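>>> What follows is a predicted protein model with its sequence.
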Number of protein chains: 2
Amino acid sequence: MLATAVAEARAGLAEGGIPVGAALYGADGTLLGRGHNRRVQDGDPTLHAETAAFRAAGRRHSYRGTTMVTTLSPCWYCSGLVRQFGISRVVIGEARTFHGGHDWLARHGVRIVLLDDTECASMMRDFIRASPELWREDIGDE
Amino acid sequence: MLATAVAEARAGLAEGGIPVGAALYGADGTLLGRGHNRRVQDGDPTLHAETAAFRAAGRRHSYRGTTMVTTLSPCWYCSGLVRQFGISRVVIGEARTFHGGHDWLARHGVRIVLLDDTECASMMRDFIRASPELWREDIGDE
């Protein structure tokens, strides 16, 4: 499942964007939606990878049993999305380059799988080194 | 400032949508963006009132001193947005019909102004009574 999120992150990078990708899967493993950060591409600060994948999955009455897979630890905004809509599990590529709200989610009953994936970490590390201001803008860090 | 958010909520209701409206103001009182819930209108579950107003405000390097005005207590998703991007203050029309994450925001240094506005509360109460399933869908309540 991480491969889909990584492919999204790479697609975002190729478009000149911020390389974070995500995918939402149903309880039976069906892909419901996938997406990547679109701040640069669409000039839209609400489209983080997780919210883009959630949007792509459309309107749903329940998120029970779903898994959000993301290349990077979800920020507070995306962690809030997971908690509000009752997404059951979050699979995280890495939390070395950014540590968001996944400990908080774990405390509130969300199953967290932290993979510590080398490719995800190096992709973000290279991006942050090359575009530190853009990265800070994306996480609201002055 | 609440009047703009209420006008947005009413516009959403007139479009057949969920009547929650919001507006983001700069430190000097300038309106930066306004919007309303667009789940029904756009089939987009990511556009709560607060995220719609935030999107309308475009890309920004800092949210220091900004105020998010919303007709309804912000859910976890929208509370996460406020915390991640460092929005300084949240003015809330009412928290009677739905109690989101504003206590959590207050604990994390966000200034909260809860108005307990009668019009906001009656608009939501009427809506929830008329469309309980749509309301539950919007807050991920099975």
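Yep, that arrived. Just so we're clear, the structure is a prediction, and the values are computed from it rather than from any experiment.

>>> could you show me where the strands are in chain A, in order?
A:21-25, A:31-36, A:67-72, A:89-94, A:111-114 (DSSP state E).

>>> Chain B: which of the ones you listed is closest?
In terms of C-beta to the nearest C-beta, the element of these nearest to chain B is strand A:31-36, at 10.1 Å. The way it works is simple: take the backbone N, C-alpha and C, and place the C-beta from them, glycine included.

>>> how much does that closest one deviate in direction from strand A:67-72?
20 degrees (axes from the mean of the first three to the mean of the last three C-alpha atoms, to 10 degrees).

>>> Can you list the buried residues in stretch A:71-89?
A:71-87, A:89 (16 or more other C-beta atoms under 10 Å in any protein chain shown).

>>> Near chain B, list only the ones from the residues you listed.
With C-beta under 8 Å from any C-beta of the partner chain as the criterion, the buried residues of stretch A:71-89 include A:75-81, A:83-86 near chain B.

>>> can you redo these as CSV with pLDDT?
Formatted as CSV, those follow (pLDDT from 0 to 100):
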residue, pLDDT
A:75, 98
A:76, 98
A:77, 98
A:78, 98
A:79, 98
A:80, 98
A:81, 98
A:83, 98
A:84, 98
A:85, 98
A:86, 98
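
>>> So which of those are in helices?
Those of these mapping onto helices are A:76-81, A:83-85, per DSSP state H.

>>> Out of the ones next to chain B among the buried residues of stretch A:71-89, the closest to chain B would be?
The closest of those, once distances to chain B are taken by C-beta to the nearest C-beta, is residue A:80, at 2.4 Å.

>>> Just to check, residue A:69 is in contact with residue A:3?
No: between residue A:69 and residue A:3 there is no contact under C-beta atoms under 8 Å: 9.2 Å.

>>> more neighbours, the two?
residue A:69 (28 against 10; other C-beta atoms under 10 Å in any protein chain shown).

>>> what does chain A put close to chain B?
Within reach of chain B by C-beta under 8 Å from any C-beta, chain A has these residues: A:39, A:43-47, A:51, A:54-55, A:57-64, A:75-81, A:83-86, A:101, A:133, A:136-137, A:139-140, A:142.

>>> can you do 6 Å?
Neighbours of chain B within chain A, by C-beta under 6 Å from any C-beta of the partner chain: A:43-46, A:51, A:54-55, A:59, A:61-62, A:75-77, A:79-81, A:83-86, A:137, A:140, A:142.

>>> any chance you could map the helices in chain A?
A:2-14, A:39-42, A:49-56, A:76-85, A:102-107, A:118-130, A:132-138.

>>> Return the per-residue confidence for residue A:130.
We have a pLDDT of 98 for residue A:130.

>>> quick one, what contacts it?
Neighbouring residues of residue A:130 by C-beta atoms under 6 Å, 6 or more residues apart in numbering or on different chains: there are none.

>>> And the one 5 residues further on, by the same measure?
Shown here is residue A:135, whose contacts under the criterion C-beta under 6 Å, 6+ apart are residue A:128.

>>> how far away is it from residue B:42?
29 Å (C-beta to C-beta, to the nearest Å).

>>> Likewise for residue A:14?
Distance of residue A:14 to residue B:42, computed by C-beta to C-beta: 27 Å.

>>> Of these two, give the one with the bigger neighbour count.
Between residue A:14 and residue B:42, residue B:42 has the larger neighbour count (other C-beta under 10 Å), namely 14 against 10.

>>> The more buried one and residue A:138: what is the separation?
From residue B:42 across to residue A:138, the span is 23 Å (C-beta to C-beta).

>>> quick one on the thing from earlier: right, and the helices of chain A - which one's nearest residue B:24?
Nearest to residue B:24 among the helices of chain A is helix A:76-85; the distance by C-beta to C-beta comes to 14.3 Å.

>>> low pLDDT regions in chain A?
Within chain A, not a single segment meets pLDDT under 70.
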